[in-house]
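Can you look at this prediction? I've put the sequence above it.
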Amino acid sequence: MRFFKLKSAAALILASLIFAPAASAAELPRELVPVGRAVGISVRTDGVMVSELSTLDGGKCSPARDAGIAPGDVIKMIDGHEITCAQDMMDALDEAGDTVTVRLSRDGDQRQVTVRPYRDESGAYLGVWVRDGLTGIGTVTYVDPGTGAFGALGHSIADSSTGTLVPLREGQILKARVTGVTKSKAGSPGQLGGTFDYTENLGTIEKNCQTGIFGRCNGLDTDGRVPVAGRSEVKTGPATVISDASGQRREYDIEITRIYTGDRDGRDMMIKVTDPDLIALTGGIVQGMSGSPILQSGKLVGAVTHVLINDPEKGYGVLVENMLKMS
């Protein structure tokens, strides 16, 4: 068995990320459609991302580690061959000589290393576990009815092992159906369960960044537009969140308990679920609800991003103006 594995079905995680300065109210669109529907999300990475390092030859060697390759690195080329997927990497290593030149990206910087692969009768190996794509369930926050632009998740798609933002090659959102809920409880965040069909393409993902995923849709709701709130308009107090966790899209009562100032890692405001129906259904906030739009006084103010593991009725949200700034 090769010490090389594609992790293609990892769940989307609730990442902690850094936000750019907020957009001014004058830059915000006047109206957007709050969506609140779960979708399937499928992305292919730009290169292959190193998730973990492995040892070979009974633990005696680790070519990638010896060459300075680290988890979170993205392998772009091997001996001049472009690497777009796991199979490209396997093919390049099988054709290589005693050493290979690996071009990789780390935190946006390009670098090149020389690696001596481990070889046995079955092939050549670097001693890395990689992923070239991810799939999961998330929630669409809004659609711009004039342009078809959408925003979802409220946080990036990141590698579940390293927390590194996944470099996007291509992606799509897919029609999904919520089939069940694993409830959150103290110490154990729950999640939405669902199915989706690769033939039911609702749109393309064009950007994966700190405040969400963004792109163009061709099959999402474009009715029911509401005004967009800037940061100064958001207040502590009653609000609602839109979710189809029950299988039907509806609003649930929440409370915005605190609004933070400055740049934060996806936690611009603290929220608390107060609706007894949502608490009975989900225990509060679950994975898969990331991106659920938050409304207050008839305006779109933000999206759910995090759940507090030890108190899942509470969590955090990102301001919609921060999503729009990065879109």
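Yes, it's here. Numbering: from 1, shown residues only.

I'd like the distance between residue 116 and residue 305.
Distance of residue 116 to residue 305, given as C-beta to C-beta, to the nearest Å: 43 Å. From N, CA and C alone the C-beta is placed, and that goes for glycine too.

Comparing the two, which residue is more hemmed in?
Each of residue 116 and residue 305 has its neighbours counted (other C-beta atoms under 10 Å); residue 305 has more, 30 against 16.

next structured bit after the helix or strand the more buried one falls within?
For residue 305, the host element (DSSP states H and E) is strand 299-307. Later in the chain than strand 299-307, the nearest helix or strand by DSSP H and E is strand 314-319.

Which strands and helices lie in contact with the helix or strand just after that following strand?
Using DSSP H and E, the helix or strand that follows strand 314-319 towards the C-terminus is helix 320-326. In terms of contacts (3 or more C-beta pairs under 8 Å, 6 or more residues apart in numbering; DSSP states H and E), helix 320-326 is packed against strand 128-143, strand 212-217, strand 299-307.

Point out the most buried one among those strands.
Among those, ranked by average contacts under mean count of other C-beta atoms under 10 Å, first place goes to strand 299-307 (a mean of 27).

what's it packed up against?
Packing contacts for strand 299-307, counted by 3+ C-beta pairs under 8 Å, 6+ apart, involve strand 128-143, strand 226-227, strand 293-296, strand 314-319, helix 320-326.

need these in TSV with mean pLDDT and distance to residue 176, can you?
Listed next are the helices and strands packed on strand 299-307 as TSV, based on pLDDT from 0 to 100; distance: least, C-beta to C-beta, whole Å:
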stretch	mean pLDDT	distance to residue 176
strand 128-143	94	6
strand 226-227	96	23
strand 293-296	98	17
strand 314-319	96	22
helix 320-326	92	21
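
wait, doesn't residue 142 sit right on residue 148?
No - counting by C-beta atoms under 8 Å, residue 142 does not reach residue 148; the two are 11.5 Å apart.

quick one: the strand holding residue 305 to strand 212-217, angle?
Between strand 299-307 and strand 212-217, the angle comes out at 130 degrees (axes from the mean of the first three to the mean of the last three C-alpha atoms, to 10 degrees).

Just want the angle from strand 299-307 to strand 314-319.
Relative orientation of strand 299-307 and strand 314-319, computed by the same axes, to 10 degrees: 130 degrees.

Number the residues from 12 up from this point.
Done: numbering now begins at 12, and the last item shifts to strand 310-318.

Throw the helices and strands packed on strand 310-318 into JSON lines and include distance to residue 80, thanks.
Shown next, in JSON lines, are those (distance: least, C-beta to C-beta, whole Å):
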{"stretch": "strand 139-154", "distance to residue 80": "7"}
{"stretch": "strand 237-238", "distance to residue 80": "48"}
{"stretch": "strand 304-307", "distance to residue 80": "40"}
{"stretch": "strand 325-330", "distance to residue 80": "33"}
{"stretch": "helix 331-337", "distance to residue 80": "29"}
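
closest one to residue 74 among the ones you listed?
Taking C-beta to C-beta, strand 139-154 is the member of those nearest to residue 74, at 8.7 Å.

Any idea which of the helices and strands packed on strand 310-318 gets closest to residue 212?
strand 139-154 (13.5 Å).

And the closest one, what does it pack against?
Packed against strand 139-154 by the contact rule (3+ C-beta pairs under 8 Å, 6+ apart) you find strand 42-64, helix 97-106, strand 160-163, strand 202-220, strand 223-228, strand 310-318, helix 331-337.

If we use 6 Å, what do you get?
Other helices and strands packing on strand 139-154, by 3 or more C-beta pairs under 6 Å, 6 or more residues apart in numbering; DSSP states H and E, are strand 42-64, strand 160-163.
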